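K.L.:
quick one: sequence and predicted model below, then my questions.
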Amino acid sequence: MDDLYRQQIIDRYKHPLKRGVLEPHDITFEDENPLCGDRLRIDLRVGPDGKITQAAFSGDGCAISQASADLLAEYIEGKPLEEVRALSKEDILDLLGIELSPIRLKCALLSLKVLKAGAYGMKDLKEAE
Amino acid sequence: MRAIKAETAANQYLIDIQRIRADFPILKREIKPGIPLIYLDSAATSQKPNAVIDSMSEYYRNHNANIHRAVHTLAEEATAMYEAGRAKVAACIAAQPEELIFTRNATEAINLVAQSWGRARLQAGDRILLSELEHHSNLVPWQILAKERDLQLDFIPMTGSGELDLDTCEKLLARGPKLVALTQMSNVMGTIVPIRDITRSAHRAGARVLVDAAQAAPHKAIDVHDLDADFLALSAHKMCGPTGIGALYGKVEILHAMPPFLGGGDMIRKVDWRSFEPNDLPHNFEAGTPAIAEAVGWGAAIDYLNAIGFDAIHRHEKALAAYAMESLREIPGVTVLGPEPSKRGGLVSFTLEGIHPHDIAQILDSYGIAVRAGHHCAMPLHTKLGLSATTRASFYLYTTFEEIDALAEGLQKTRALFA
């Protein structure tokens, strides 16, 4: 079987740990990858110290995009927003533990794109205040 | 391997499949060691036989020069080879060479009509009738023109089985469109569109008709007079030819009245500082150095397909499509899109419940099976179907029944992985 679909990915896709919506939330952002129709929303709760207390994702898409979102949501809990903003493509690939072709990379990185848009949006909001 | 169904077996291999496969060197390719290529993506682009590859190689090795005007031997040879390619493509659709303009691809052929004929002929409020089967190359050129000229776009609806709703077509024709632009074969549903009937109605309603034959031309003999098409767009690469060349057929009296599209060398007879005199058809629409080797290769592709016979190819593909539909429908969770085999060409799009097409395609690739997953450049059609993406297996003259068995097995394994 393809290395891409190692057990972790399939497990995360079929039985995600962080799927859901958070109401209320401090940050939410939604985006899509129109080329493949993957759609993702990430909700965050942020503590007074700027650390993420809870993260959840919702949406639909391929196993890579959904597993990536689940792994990422779990990974960022307890981390400060600053650290989330500094996350890179390599961090996501490390979490997934797989090599991806350019096309599938977009699937894996949708979660990072959504998360960063949310995290930076919050920063902008604070600076505006 | 599954046993091939009796009724299919009776039709099996209307062509000499082993001889044909031997003509396509890429079919010997292994995707990983011990995993041979199973190429089920011919609707995206077909593979190329030795005859085509060799013809282009021979052109570059022995005849390469820029065409027209030069008096040296190579230039004369190159010009003759380029024009022989044109004659073969024209003959393939029963057209005359001067009615056949070489373009980069079918998309550019449609853009040529939009930008030249469309800008000259269409005014604010005029209508263009398209269909819901169209893919982006027969949508976006008209959207661009519609925005520029304030035109109205109407769409012949697609029925649940992926056919055009011809009753509604008549009503939309009554609105008096200036142009009807339709695909001859849907690249997603596989539907073969009854162009000839629609052309008759469209002409009665006073519309010109453009046929996007990029998907249909590889699979069936086309006669532009029989279709009575005013314009017809072709691409070489889907019919065993090279990428980078396509063609626009136009009725000669319509082409004569069209203003230039792209300007430059070759499309002119005479140039001074502030004006030019255009060349004769079809050269007045071919600015700059064209795809010469590709015209040679396309000609070789047509010779190759003619030697096998378009009717035999079409029957082979129908048998493959029928077999694939039957095989896939046996797999729990599979929904096959599109009409019954008698109304379709050699492609089958499907969904597998709970599994995203990208995952399906990726897992099939690990078995060497190349299928396409996504919206196949038909996003509005997928929106209408309520799907973000589908998986498509498409066939050509070199596709075997055993490869369809491998597809079915691969899908069973994909299901098991996600079970």
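P.N.:
Everything's here; your move.
K.L.:
burial check on residue 81, number of neighbours?
P.N.:
You didn't pick a chain, so chain A it is. A:Leu81 has 21 neighbours, counted by other Cβ atoms under 10 Å in any protein chain shown. For the C-beta atoms, the positions are set from N, CA and C on the backbone; glycine is no exception.
K.L.:
that answer is for a different chain, and I need it for chain B
P.N.:
21.
K.L.:
surely it touches B:Glu58?
P.N.:
No - under the criterion of Cβ atoms under 8 Å, B:Met81 makes no contact with B:Glu58, lying 9.4 Å away.
K.L.:
run through the residues that contact the nearest residue to B:Gly346 once chain neighbours are set aside.
P.N.:
Using Cβ to Cβ, 6 or more residues apart in numbering or on different chains and skipping the chain neighbours, the partner closest in space to B:Gly346 is B:Glu317 (3.0 Å). Taking Cβ atoms under 8 Å, 6 or more residues apart in numbering or on different chains, we find B:Glu317 in contact with B:His219, B:Gly345, B:Gly346, B:Phe395, B:Tyr396, B:Leu397, B:Thr399.
K.L.:
pLDDT wise, what is whatever residue of chain A ends up closest to chain B at?
P.N.:
When scored by Cβ to the nearest Cβ, chain A has A:Gly37 as its residue closest to chain B, at 2.2 Å. With respect to pLDDT, A:Gly37 scores 77.
K.L.:
swap in B:Arg315?
P.N.:
93.
K.L.:
relative to B:Leu397, how far out is B:Ala221?
P.N.:
Per Cβ to Cβ, to the nearest Å, B:Ala221 is found 14 Å from B:Leu397.
K.L.:
between those two, which one's more packed in?
P.N.:
Legend: neighbour count by other Cβ under 10 Å for B:Ala221 and B:Leu397, higher for B:Leu397 (29 against 16).
K.L.:
could I get the contacting residues of the more buried one?
P.N.:
Per Cβ under 8 Å, 6+ apart, neighbours of B:Leu397: B:Ile15, B:Ile20, B:Leu305, B:Ile308, B:Ile313, B:His316, B:Glu317.
K.L.:
switch to 10 Å and redo it
P.N.:
Going by Cβ atoms under 10 Å, 6 or more residues apart in numbering or on different chains, B:Leu397 touches B:15, B:17, B:20-21, B:23-24, B:42, B:46-47, B:49, B:218-219, B:240, B:304-305, B:308-310, B:312-314, B:316-317, B:320, B:346.
K.L.:
give me the phi and psi for A:Arg45.
P.N.:
phi -110, psi 130 (degrees, to the nearest 10).
K.L.:
ok now stretch A:68-78, how far from the chain's centre?
P.N.:
On the basis of Cα atoms, centre = their mean, to the nearest Å, stretch A:68-78 sits 6 Å off its chain's mean C-alpha point.
K.L.:
how about that stretch: buried residues?
P.N.:
A:Ser68, A:Ala69, A:Asp70, A:Leu71, A:Leu72, A:Ala73, A:Glu74, A:Tyr75, A:Ile76 (16 or more other Cβ atoms under 10 Å in any protein chain shown).
K.L.:
excluding its backbone neighbours, what's nearest the fifth one?
P.N.:
Setting aside the residues directly before and after it, A:Leu72 is nearest to A:Ser111 in space (Cβ to Cβ, 6+ apart), at 4.7 Å.
K.L.:
so which strand or helix has the one you found?
P.N.:
For A:Ser111, the element it lies in under DSSP states H and E is helix A:102-128.
K.L.:
now the residue of the stretch 251-400 of chain B found nearest chain A: closest residue in space that isn't a chain neighbour?
P.N.:
Among residues of the stretch 251-400 of chain B, the one nearest chain A by Cβ to the nearest Cβ turns out to be B:Ser388. It sits 2.2 Å away. Leaving aside its chain neighbours, B:Ser388 sits nearest to A:Gly37 (2.2 Å; criterion: Cβ to Cβ, 6+ apart).
K.L.:
cool, A:Asp49 as well?
P.N.:
A:Pro80 (7.5 Å).
K.L.:
likewise B:Leu387?
P.N.:
Distances taken as Cβ to Cβ, 6+ apart put B:Thr351 closest to B:Leu387, at 6.5 Å, once the chain neighbours are dropped.
K.L.:
what pairs with the one you found across the strands?
P.N.:
In this entry, B:Thr351 is beta-bridged to B:Thr335, by DSSP bridges.
K.L.:
pLDDT wise, what is it at?
P.N.:
For B:Thr351, the pLDDT comes out at 96.
K.L.:
residues from the stretch 301-419 of chain B in reach of chain A?
P.N.:
Contact residues (Cβ under 10 Å from any Cβ of the partner chain) of the stretch 301-419 of chain B with chain A: B:354-367, B:373-375, B:379, B:382-383, B:387-389, B:413-414, B:416-419.
K.L.:
show me what the helix or strand of chain A with the lowest mean pLDDT is packed against.
P.N.:
Among the helical and strand segments of chain A, the one scoring lowest on mean pLDDT, DSSP states H and E is helix A:102-128, with a mean of 79. Applying 3 or more Cβ pairs under 10 Å, 6 or more residues apart in numbering or on different chains; DSSP states H and E, one finds that helix A:102-128 makes contact with strand A:27-33, strand A:38-46, strand A:52-60, helix A:63-76, helix A:81-85, helix A:89-96, helix B:357-366.
K.L.:
how about the ones you listed, which one is nearest B:Leu145?
P.N.:
strand A:27-33 (28.4 Å; Cβ to Cβ).
K.L.:
give me the helices and strands touching the closest one, please.
P.N.:
strand A:38-46, strand A:52-60, helix A:102-128.
K.L.:
so for that strand, what gets flagged as buried?
P.N.:
Applying 16+ other Cβ under 10 Å to strand A:27-33 flags A:Ile27, A:Thr28, A:Phe29, A:Asp31, A:Glu32, A:Asn33 as buried.
K.L.:
for chain A, give me the ranges with low pLDDT.
P.N.:
A:1-4, A:122-129 (pLDDT under 70).
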